[in-house]
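Trainee: Please work out how this folds:
(chains A and B)
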2 protein chains.
Amino acid sequence: MSLAPALAARLIEITDPADPRIADFRDIRERDRIRAGGFIAEGTVVLDHLLVSPRFRATALFILKNRVEGIAERLAKVDGAVPIFVAERTVMDHIAGFAIHRGVLAHAVEATPQLAPSDAGLDAFVTAAGKTRRPLLVAVGLANHDNVGAIFRNATAFGAAGIVLDATSCHPLYRKALRVGVGSALTLPWHHGGSGEAIVAALERSGHQPIALSPRGAVELTALSFRGVPALILGSEGPGLPPALLARAEMVRIAMAPGIDSLNVATSAAIVLSWLFSQRERAVHPIGRTQDTRSH
Amino acid sequence: MSLAPALAARLIEITDPADPRIADFRDIRERDRIRAGGFIAEGTVVLDHLLVSPRFRATALFILKNRVEGIAERLAKVDGAVPIFVAERTVMDHIAGFAIHRGVLAHAVEATPQLAPSDAGLDAFVTAAGKTRRPLLVAVGLANHDNVGAIFRNATAFGAAGIVLDATSCHPLYRKALRVGVGSALTLPWHHGGSGEAIVAALERSGHQPIALSPRGAVELTALSFRGVPALILGSEGPGLPPALLARAEMVRIAMAPGIDSLNVATSAAIVLSWLFSQRERAVHPIGRTQDTRSH
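Mentor: Numbering: from 1, shown residues only, chains lettered A, B, ... in the order given. Now for the predicted structure:
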């Protein structure tokens, strides 16, 4: 390896899987880790989001030895107080408890730990989101890590104000959700906690227009008109949203081929967000939408 | 179990993992199975598509014993010439080579085996697709099973004419692609084979308008006007499409937040197909798009 001396001097080699310094990376159990106030970020893309996150900060990095040189430039940006552990593959996999293909792990915490989720925190979050005038996403009962991750990715792509997840939804910092979401949960604002009912009440107080998707929705998406900032409520693909919530939302339909009644929930969210984004862009730039930007 | 006598009489119980009658389900290796002219369909949703498929037919079913009663109605619809094997979980998993959580497998073949993929077959497929006037999807170098499956699901939802996959793309009948695509590959027309160049040439000959997505596309999706039947060419998320293909396609951009340069490829396809579908629907039903269909 030909590493810059400053980086080489920082690397802490771990050879003993029982080394107590590496405890945060031992037997990565997603739920337990998040409960303890810390979480694991995996891969270089997620690490990039972590390094610029306004809300979270790395407490330690754990890198496969043969990956260090390839990501030396990134590692040089890591705060000097953050230890960078390195190990051979067998040691790393033994510590993590499974094969870490990407060889890049970070342990991170919330920079300023927030109060436990409460209705007050929910109200403040939803009110702040509403002030951006950009769409808000709401997940109720969304337990699938892939779907939550994909929703974060799509929300970021289309400039959503943020995401509210009820207490029964998967935590956005679960390792797999974070990875599928290409790290978006580290930079996009979100709130996790509260019931679906409490969330919809907060939406109503803050001037949002709750909308939900249904193949039998009264209004087709591209014909929807807005009374407030749209808040799209997403449920799981099987059971869907509880009737009590649906009754308080405007039911919108994505036009689909006859006989088809469902899309993947993150794909549905992307279609709605994409439509809303193109409408916002059109409002801001009513002409010149067909511009050649090839000469960038 | 309280099964209809006719169904109960058809069930063939397998207790010996070495039983030669169950050879088609042994050590399910996706690639080899497809090469041998048959493939495995997994789960009840995929089975439903198989039972109505105009192109494929089941040759045998293999069902976990404790699942039989729950899907008895489906099984009663299966052609009497198709054997229905049943087994306990340990026997089934041992035969398949891994844990079959869903407990529902079918072995299937093409009902009328088609000629080996050729440029002539490609031309005929693309020409027939063009006559529907509905959008065509084209996958080039798409090796990811999840993405190919999701593209099939989205293509079906938005009434695409079909999908052309180049020879380097994943086969749509791979078990995982089939499952993620909720069985769509058994009912939606598709062609697998040929090079990207041969496919684009066939598109040009058949009056399609090849379009491709790029964050630097000259035209924003909702401002696109059409000269022919749209054919959306999709590449893999990393390397993207070869420049020689891009040069022959109209470059279209999905409006996105600044700094974001990619969506998942299947999600991008869904956004484009959804837009095209709502445009077609609007052309057919210029009024009455806001109709209340709740009283269905």
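Trainee: State which strand of chain A is the longest.
Mentor: Identified as the longest strand of chain A according to DSSP state E is strand A:56-64.
Trainee: on contacts alone, who are the packing partners of that one?
Mentor: Applying 3 or more Cβ pairs under 8 Å, 6 or more residues apart in numbering or on different chains; DSSP states H and E, we find strand A:56-64 packed against helix A:44-52, strand A:84-87, helix A:89-96, strand A:104-110. The C-beta positions use only the backbone N, C-alpha and C, and glycine is treated the same way.
Trainee: B:Gly235 is nearest to which of these?
Mentor: Across the helices and strands packed on strand A:56-64, B:Gly235 has its closest neighbour in helix A:44-52 (19.2 Å, Cβ to Cβ).
Trainee: For the closest one, list the C-alpha coordinates in PDB.
Mentor: What follows is the C-alpha trace of helix A:44-52 in PDB, where atoms were taken according to Å, rounded to 0.1, in the frame of the first residue of the first chain:
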ATOM      1  CA  THR A  44     -19.100   3.800   0.400                       C
ATOM      2  CA  VAL A  45     -22.300   5.500  -0.900                       C
ATOM      3  CA  VAL A  46     -23.900   5.400   2.600                       C
ATOM      4  CA  LEU A  47     -20.600   6.500   4.100                       C
ATOM      5  CA  ASP A  48     -20.600   9.500   1.800                       C
ATOM      6  CA  HIS A  49     -24.000  10.600   3.100                       C
ATOM      7  CA  LEU A  50     -22.900  10.000   6.700                       C
ATOM      8  CA  LEU A  51     -19.900  12.300   6.200                       C
ATOM      9  CA  VAL A  52     -22.100  15.200   5.100                       C
END
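Trainee: now the angle between strand A:104-110 and that helix, please.
Mentor: Using axes from the mean of the first three to the mean of the last three Cα atoms, to 10 degrees, the inter-axis angle of helix A:44-52 relative to strand A:104-110 is 30 degrees.
Trainee: List the contacts of helix A:44-52.
Mentor: Defining contact as Cβ atoms under 8 Å, 6 or more residues apart in numbering or on different chains, one finds that helix A:44-52 is touched by A:41, A:56-58, A:61, A:71, A:74, A:77-78, A:102, A:104, A:106, A:108, A:178-179, A:182-184, A:186-187.
Trainee: tell me which residues in it are buried?
Mentor: A:Val45, A:Val46, A:Leu47, A:Asp48, A:His49, A:Leu50, A:Leu51 (16 or more other Cβ atoms under 10 Å in any protein chain shown).
Trainee: export those to TSV and tack on distance to A:Gly130 and pLDDT?
Mentor: Supplementary listing: the buried residues of helix A:44-52 in TSV, determined by distance: Cβ to Cβ, whole Å; pLDDT from 0 to 100:
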residue	distance to A:Gly130	pLDDT
A:Val45	30	91
A:Val46	29	92
A:Leu47	32	94
A:Asp48	29	92
A:His49	25	92
A:Leu50	28	94
A:Leu51	30	93
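Trainee: now, which of the residues you listed sits nearest A:Val252?
Mentor: Looking across those and measuring by Cβ to Cβ, the closest to A:Val252 is A:His49, at 30.8 Å.
Trainee: Compute the inter-axis angle for the helix or strand A:Ala283 falls within and helix B:265-284.
Mentor: Under the criterion DSSP states H and E, the helix or strand holding A:Ala283 is helix A:265-284. Relative orientation of helix A:265-284 and helix B:265-284, computed by the same axes, to 10 degrees: 60 degrees.
Trainee: Give me the below-cutoff pLDDT ranges for the stretch 51-200 of chain A.
Mentor: By pLDDT under 70, the weakly predicted segments of the stretch 51-200 of chain A are A:113-119.
Trainee: got a list of what whatever residue of it ends up closest to chain B touches?
Mentor: With Cβ to the nearest Cβ as the measure, A:Gly159 is the residue of the stretch 51-200 of chain A nearest to chain B, at 3.7 Å. Shown here is A:Gly159, whose contacts under the criterion Cβ under 8 Å, 6+ apart are A:Arg134, A:Phe277, B:Met256, B:Ala257.
Trainee: Filter those residues down to just the ones in helices.
Mentor: A:Phe277 (DSSP state H).
Trainee: Which residues of the stretch 101-250 of chain A lie near chain B?
Mentor: Within reach of chain B by Cβ under 8 Å from any Cβ of the partner chain, the stretch 101-250 of chain A has these residues: A:150, A:153-154, A:156-159, A:216-223.
Trainee: and the end-to-end length of stretch A:155-169?
Mentor: 16 Å (Cα to Cα, to the nearest Å).
Trainee: Could you point out which of the contacts of A:Gly159 is nearest to B:Ile12?
Mentor: B:Met256 (54.4 Å).
Trainee: Quick check: that closest one vs chain A, distance?
Mentor: B:Met256 sits 5 Å away from chain A, going by Cβ to the nearest Cβ, to the nearest Å.
Trainee: now that residue: how far from A:Lys77?
Mentor: 26 Å (Cβ to Cβ, to the nearest Å).
Trainee: The two - which one has more neighbours?
Mentor: When B:Met256 and A:Lys77 are compared for neighbours, B:Met256 comes out ahead with 21 against 10, by other Cβ atoms under 10 Å in any protein chain shown.
Trainee: which residues touch the more buried one?
Mentor: For B:Met256, the residues meeting the contact criterion (Cβ under 8 Å, 6+ apart) are A:Ala157, A:Phe158, A:Gly159, A:Phe277, B:Pro215, B:Leu263.
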